[in-house]
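Visitor: for reference, the sequence and a predicted model appear below.
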Amino acid sequence: MENTEFVETLRREGPLLAGAARRAGLDAPVPACPGWQVRDLLRHTGAVHRWAAGFVAEGRTEPVGMDEEAAPSGKGADGSGDDGGELADWYLRAHARLVEVLAAAPADVACWTFLPAPSPLEFWVRRQAHETAVHRVDAESAAGLAPAPIDPAFAVDGVAEMLLRFELKGRKRARSPQPRTLRVRADDVAGDPGWTLHFTQEPPRAERGGPDGPADCEVSAPAAELYLALWNRLPHDRLTLRGDRSVMDLWHASGAAS
C-alpha cells in the first residue's frame, strides 16, 4: 500500500472509532483489553496520535515518552462518567492533527521510529492506520457492534506488519527443540503466498511465503478475520487449522498481541 492509502484509511478510521465510543458510553468495558473502559481506549489512542504526530511534525530523532495525562479524564467532578462528548471531541482533534501532519509531511522526513521501515514516514502512516483500525474494532466491540468491513489489502498488510516487523519482538520465548513451521494464509486473496514462521531453539523467524511443501501447521481465514484474530480481536477458533495444533499452541503460549 502507498503512504497516501494509509493516510486515507487513517482518516476514515478515527471518526468510526469515536462514533462507536459515543454509542458504547465511557463506562463500557473493552472486551479485548481487560481492565479498560471506553474512556481508557479514547485517552490511550488519542495520546498515541499526539505522540506520533510530534515525531513527524517536529522531526524528533530521539524517543520521548507519551503523555496520556493530557487527555480529559472523561469523568465529572464527582467521579461519575460524563456522556463521552468532551473526551470523544478531544480524541477527534488529536486524530485530525495526526492526519494533517502525516498528509503534509515530506517523503524524506527524518524522525525516530521503533520498528524498521523503508522510511520514517512509511512507518508512522502504516503504524497509525493499523493502531486506529484495531482500536476502532475495540470500540465497536464495546458497543456490541459487529466490526465494520476491513479492506483485504489493508488486512494483509496488517498481518505482514505484525509477523515480519512487530510481533516477533515479543515472541522470543517461542522456542522448539525440533524445527517446526507454522504457515499463515489469507484465503480470500488470490495468489497470496502467506507467511511462514520458523520455530527452533533460537528466537522465531518469519518470512513472506516460505519453502515449498506442507508446514507442520497451517492456519487460514479471510484476510480481515486473520488480521483481527492475530490481534486477539476475534476468537482463534474462527481460523481454519490444519496439521499439528501444538505448533499454534506454541505461538499462543509465547505471548499475545494487545
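Guide: Thanks, I have the structure now. Numbers count the residues shown, from 1 in each chain.
Visitor: and the least confident helix or strand in the chain by mean pLDDT, what other elements does it pack with?
Guide: Of all helical and strand segments in the chain, the minimum by mean pLDDT, DSSP states H and E falls on helix 245-253, at a mean of 83. Contacts defined by 3 or more C-beta pairs under 8 Å, 6 or more residues apart in numbering; DSSP states H and E place helix 245-253 against strand 180-186, strand 195-199, strand 217-221. Placement of C-beta: from N, CA and C, glycine included.
Visitor: just the residues contacting it, thanks.
Guide: Here helix 245-253 makes contact (C-beta atoms under 8 Å, 6 or more residues apart in numbering) with 171, 174, 176, 180-182, 197, 199, 215-217, 219, 236, 241.
Visitor: and it with strand 180-186, angle?
Guide: Relative orientation of helix 245-253 and strand 180-186, computed by axes from the mean of the first three to the mean of the last three C-alpha atoms, to 10 degrees: 80 degrees.
Visitor: for helix 245-253, the distance to its chain's centre please.
Guide: Its chain's average C-alpha position is 21 Å from that of helix 245-253, according to C-alpha atoms, centre = their mean, to the nearest Å.
Visitor: go on, stretch 151-158?
Guide: For stretch 151-158, the distance to the chain centre is 11 Å (C-alpha atoms, centre = their mean).
Visitor: for stretch 220-231, same thing?
Guide: 12 Å.
Visitor: and that stretch, which residues are buried?
Guide: 220-231 (16 or more other C-beta atoms under 10 Å).
Visitor: in strands, which of these fall?
Guide: 220-221 (DSSP state E).
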